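> please find the sequence and the predicted model below.
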Amino acid sequence: MPIVTVKMLEGRDDEQKRALVEKVTAAVSETTKAPKEKVSVIIEEMSPNHYGVAGTRASDK
C-alpha cells in the first residue's frame, strides 16, 4: 500500500489538486504495480511564510 506525501506551497485550486492526485496515483500504480485502490496521496500545504530557499522565505519574494 504505497503512501505518497506531496508538500507544496498553498495556493493551488481544487482542480489542480485533483489532477495532481490522479497523476501521482497513476504513476505510482504503474511503477510499483500496486492497484490504484491501494495508493494513497496526501497533500500537505504550507504557508509561504514557512518555506525558504537560499536564505529567503517564499513570502519575501
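Arrived safely. Numbers count the residues shown, from 1 in each chain.

> so what's the residue of the chain most remote from its centre scoring on pLDDT?
In the chain, counting by C-alpha atoms, centre = their mean, G55 sits farthest out from the average C-alpha position, at 23.3 Å. What the model reports as pLDDT for G55 is 94.

> which helix or strand contains A19?
Using DSSP states H and E, A19 sits in helix 14-32.

> kindly export that helix (C-alpha atoms) in CSV.
Output of helix 14-32 as CSV, limited to C-alpha atoms (Å, rounded to 0.1, in the frame of the first residue of the first chain):
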residue,chain,number,x,y,z
ASP,A,14,-9.2,22.2,-6.2
GLU,A,15,-8.9,21.2,-9.9
GLN,A,16,-5.1,21.4,-9.8
LYS,A,17,-5.0,19.2,-6.6
ARG,A,18,-7.4,16.8,-8.1
ALA,A,19,-5.2,16.4,-11.2
LEU,A,20,-2.1,16.0,-9.1
VAL,A,21,-3.7,13.2,-7.0
GLU,A,22,-4.9,11.4,-10.2
LYS,A,23,-1.5,11.7,-11.9
VAL,A,24,0.6,10.7,-8.9
THR,A,25,-1.7,7.8,-8.3
ALA,A,26,-1.4,6.6,-11.9
ALA,A,27,2.4,7.0,-11.8
VAL,A,28,2.9,5.1,-8.5
SER,A,29,0.5,2.4,-9.6
GLU,A,30,2.2,1.9,-12.9
THR,A,31,5.8,1.8,-11.5
THR,A,32,5.0,-0.3,-8.4
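
> buried sites along that helix?
Using 16 or more other C-beta atoms under 10 Å as the test for burial, helix 14-32 gives V21, V24, T25, V28, S29. Where C-beta positions appear, they are placed from N, C-alpha and C, glycine not excepted.

> for the residue farthest from the centre of the chain, phi and psi?
Main-chain dihedrals, G55, degrees, to the nearest 10: phi 80, psi 10.
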